[in-house]
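Visitor: sequence and computational prediction follow.
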Amino acid sequence: MVLSDRDIKEYIKKKKIVVTPLPDFTTQLGSCSLDLRLGDKFRVFDHSKNPYLDPTKKDYTNEITSEIIVKKGDPFIMQPGDFVLAVTMETVKIPDDLLGRLEGRSSLGRLGIVVHSTASIFDPGWDGECVLELGNLGRMPVALYPGMRICAMTFEQLSSPAQVPYVKKTHAKYRFQKGPQESKYNLDK
């Protein structure tokens, strides 16, 4: 079951879902989703310095990416074919009996901007900033501005609370995530 606008508002009011800073329901609340805004941190790949990516190498992705912080009012330009990591302005905390699902916004999709390549589900017990896997599939560069509504999150009720929510998993690689962290594939067991 997907939560409706009325349920999302109630869950946030009762702090069952925690969104910081609090959303402006007038502009961010959809019929069954909550729009999240683009943060100011981006992790870009230094592709011209390296011949390939090896996700099994320890700390390798941190060596081939760099973080860019965009000043307020300035755009981040997504070139055609670009792939960057970014985060939402909001930190989201999801209870043990819900999952969050992140989707792009149609208005940006029509410009060629996708917000995730595979990681659309935020597990029960998630607590952190939401990472966006931004791509420009279009043929023209697109200006993205920190603070703009970039994606929508829906919330789905589980049949029962998760036995081991994400935040309690000892091998959870992105707990309490702040900023667009690089891939931690090398930590997979």
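Guide: Ah, there it is.

Visitor: how near is residue 158 to residue 125?
Guide: 11 Å (Cβ to Cβ, to the nearest Å). Bear in mind the C-beta positions are built from the backbone N, C-alpha and C, glycine included.

Visitor: what about the most far-flung residue of the chain relative to its centre, which SS state?
Guide: Residue farthest from the centre of the chain, counting by Cα atoms, centre = their mean, is residue 51 at 27.6 Å. The local conformation at residue 51, judged by DSSP: H, G, I helix; E, B strand; the rest coil, is coil.

Visitor: so how far is residue 64 from it?
Guide: For residue 51, the distance to residue 64 - Cβ to Cβ - is 10 Å.

Visitor: same check, this time on residue 12
Guide: Distance from residue 12 to residue 64, by Cβ to Cβ: 38 Å.

Visitor: so who does the nearest residue to residue 18 once chain neighbours are set aside touch?
Guide: Closest residue to residue 18 apart from its sequence neighbours, by Cβ to Cβ, 6 or more residues apart in numbering: residue 93 at 3.9 Å. Neighbouring residues of residue 93 by Cβ atoms under 8 Å, 6 or more residues apart in numbering: 17, 18, 19, 126, 127.

Visitor: hmm, the second one is touching residue 92, no?
Guide: The one in question is residue 18. Yes. Contact criterion Cβ atoms under 8 Å: residue 18 and residue 92 qualify, at 7.3 Å.

Visitor: who's more crowded, those two?
Guide: Between residue 18 and residue 92, counting by other Cβ atoms under 10 Å, residue 92 is the more crowded of the two (21 against 15).

Visitor: from memory that one sits against residue 154, does it?
Guide: No. At 12.0 Å, residue 92 does not count as touching residue 154 under the criterion of Cβ under 8 Å.

Visitor: list residues touching both of those two?
Guide: In contact with both residue 92 and residue 154: residue 100, using Cβ under 8 Å, 6+ apart.

Visitor: state the distance from the residue farthest from the centre of the chain to residue 157.
Guide: Where residue 157 is concerned, residue 51 sits at a distance of 46 Å (Cβ to Cβ).

Visitor: since that was my last question, I'll sign off now.
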